[in-house]
Structures are given as C-alpha cells and as structure tokens.
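In: requesting a structural model of the entry that follows:
(2 chains)
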Amino acid sequence: MCNQTVCLVAAELERQGISTVVLQLLRNVAEKVHPPRALFVPFKHGYPLDTPGDPGRQRAVLEAALQLLEDTSLTAGPVLRDYTVAKG
Amino acid sequence: MGDTSEFSLTIRLFLKTYQWRKIDPVPWTPLKKPLSQSKLALVSSAGFVLPDQPHFDESIKGGDTSFREIPSGVDVKTLVETHRSESFDHTGVQKDPNLGFPIDRIRELAASGRIGSVNHRHLSCMGSITAPGRLIHNTAPPAVRLLVEDQVDAAILVPV
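Out: Here you go, the predicted model:
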C-alpha cells in the first residue's frame, strides 16, 4: 500500500505545482496507479534506498531519482524508469 | 527485488482483488529551474514520527491518512518508526532511518550544490492505507499546501 500512497500524494503535489519523483518497490503498482514520475528500485520492501548504513548506495538511488526529475525530454506522465544497481 | 512473494498468503489474496486507484488525468509539473537552484522536500510513507508526536493509529479502518511534519534539522536516529505493516522487514529502517527518510543524504546533496536547498520541513505518513479516499480528498491537499507555502520546487517520495 505504501507504493500507492506515495503515488497519490505525488499527484496532489503535481496538481499544486511541485515536481515529483516517487520511488517504487512494486513495478506493477506503478503501472496501475500511474504516478507522474516513478523510479522502480529492485530492492525488497523496507529497503527503498538499498543498503542501511551505506551512504554511497543511498546517494546513487537519489541521484537516479534526481536525473528523472530534471530530464527535460519528458513532457508528460506517467513515466516509469528502472533503476540499475551499480556493481560493487 | 520487491515483489508480492514477500507477503503473507492473506495479503497476497487481498492484493489479488484490490482495486488500485488509478491517477487520471496524470498531472505534470516540470521543474521550473535547475536542481542546483531548487528547494527540495521529502515525503516518506515509512510512518516516522518525532518522539513527541502521536504515533500513527493502527486501529483506523482503511488506514491512518494523517501527516506529521518532520523538521529538516532532525537527527534521524531520534525518529520513531510506527508503520503498522507486517509485510516488510522493519530492521533496515530501524537501523538506518535514511532508508525511508533520507534526510542526511538530502542535506549532503545541498552541501555539494547538486540541489539548491533543503526545505525546513518534510512530510511523513504511514503508507498502509487501503481506502485512500480520505487521503486524496481530505489530508493530502492541506499537507501539500504547506510545501507550496514554503515555495518548494520538487519532492522525492519514498515508500517502504
């Protein structure tokens, strides 16, 4: 349910003029709910930013989210992008 | 990999017939300025509260749709995780709340100049909302207005 909840809040943010990107742990929920910009992260529930205590891996997820946010080639949603986990 | 096989049989059966709330039309707000000049806020559905804030109420049918404001200067180690779901392993966010509320990482992004600034407050909710009508119509609009008043440009939303 968490995945749907953040999508619905994102929609309200966008309606009120704030750009958003949501992380998603269930790809099929993003496909059904249609948030404006979603980054699907291939981690288990409870671990949306990868590894606890690992700032580098957490920053990598956020950087991918920021790149989605600032991608000027995108002009309409829903956009669903897959996060690729860096090796190592 | 997050998928429904992580869930109990009861939850998998519930999800099998659950009517997801499709956003239609899909609103779209492009960034109005570069990220290096933008003010960012976080929205987390991990159920975090400050020690002196009321916990999210597990007993509300359909889910607790209320929000808590989390100040930007918070020490994440003081956050209390009150998410009710038994569908995920809570040990990660309890060990490192940045997993669900990455405020330390966001502050680093501002310090490095990747983003312009961090808003002085952020939003926390508890994502186990099976009946989202009250969220959509009653609680999300005023919560979002707080960020509009703060002139936030962009938000990152994190589920657990």
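In: could you find the closest non-adjacent residue to the residue in chain A that chain B sits nearest to?
Out: In chain A, no residue comes nearer to chain B than residue A:2, which is 3.0 Å away by C-beta to the nearest C-beta. Bear in mind the C-beta positions are built from the backbone N, C-alpha and C, glycine included. Counting by C-beta to C-beta, 6 or more residues apart in numbering or on different chains, residue A:2 lies nearest to residue B:127, which is 3.0 Å off, once chain neighbours are set aside.
In: can you list the weak-confidence ranges in chain B?
Out: Residue ranges of chain B with pLDDT under 70: B:1-2.
In: that older thread, contacting residues around the residue of chain A closest to chain B?
Out: A:25, A:45, B:45, B:46, B:85, B:127, B:128, B:159, B:160 (C-beta atoms under 8 Å, 6 or more residues apart in numbering or on different chains).
In: possible to save those residues as JSON lines with distance to residue B:26 and neighbour count?
Out: Shown next, in JSON lines, are the contacts of residue A:2 (distance: C-beta to C-beta, whole Å; neighbours: other C-beta atoms under 10 Å in any protein chain shown):
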{"residue": "A:25", "distance to residue B:26": "20", "neighbour count": "25"}
{"residue": "A:45", "distance to residue B:26": "25", "neighbour count": "22"}
{"residue": "B:45", "distance to residue B:26": "20", "neighbour count": "29"}
{"residue": "B:46", "distance to residue B:26": "25", "neighbour count": "26"}
{"residue": "B:85", "distance to residue B:26": "27", "neighbour count": "20"}
{"residue": "B:127", "distance to residue B:26": "20", "neighbour count": "27"}
{"residue": "B:128", "distance to residue B:26": "24", "neighbour count": "22"}
{"residue": "B:159", "distance to residue B:26": "18", "neighbour count": "28"}
{"residue": "B:160", "distance to residue B:26": "24", "neighbour count": "33"}
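In: what about the helices in chain B?
Out: Remark: helices assigned in chain B by DSSP state H are B:9-17, B:91-95, B:103-112, B:133-134, B:140-149.
In: next: chain A.
Out: Assigned by DSSP H, the helices in chain A fall at A:2-15, A:27-33, A:55-69.
In: deepest of the ones you listed, which one?
Out: helix A:2-15 (a mean of 26; mean count of other C-beta atoms under 10 Å in any protein chain shown).
In: export that one as CSV, just CAs?
Out: The C-alpha coordinates for helix A:2-15 follow below in CSV (Å, rounded to 0.1, in the frame of the first residue of the first chain):
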residue,chain,number,x,y,z
CYS,A,2,2.9,2.3,0.6
ASN,A,3,3.7,2.4,-3.1
GLN,A,4,0.2,3.5,-3.9
THR,A,5,0.1,6.1,-1.1
VAL,A,6,3.2,7.9,-2.3
CYS,A,7,1.9,7.9,-5.8
LEU,A,8,-1.4,9.6,-4.7
VAL,A,9,0.5,12.2,-2.7
ALA,A,10,2.8,12.9,-5.7
ALA,A,11,-0.3,13.5,-7.8
GLU,A,12,-1.5,16.1,-5.4
LEU,A,13,1.9,17.7,-5.3
GLU,A,14,2.0,18.0,-9.0
ARG,A,15,-1.5,19.4,-9.1
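In: this completes my enquiry, with thanks.
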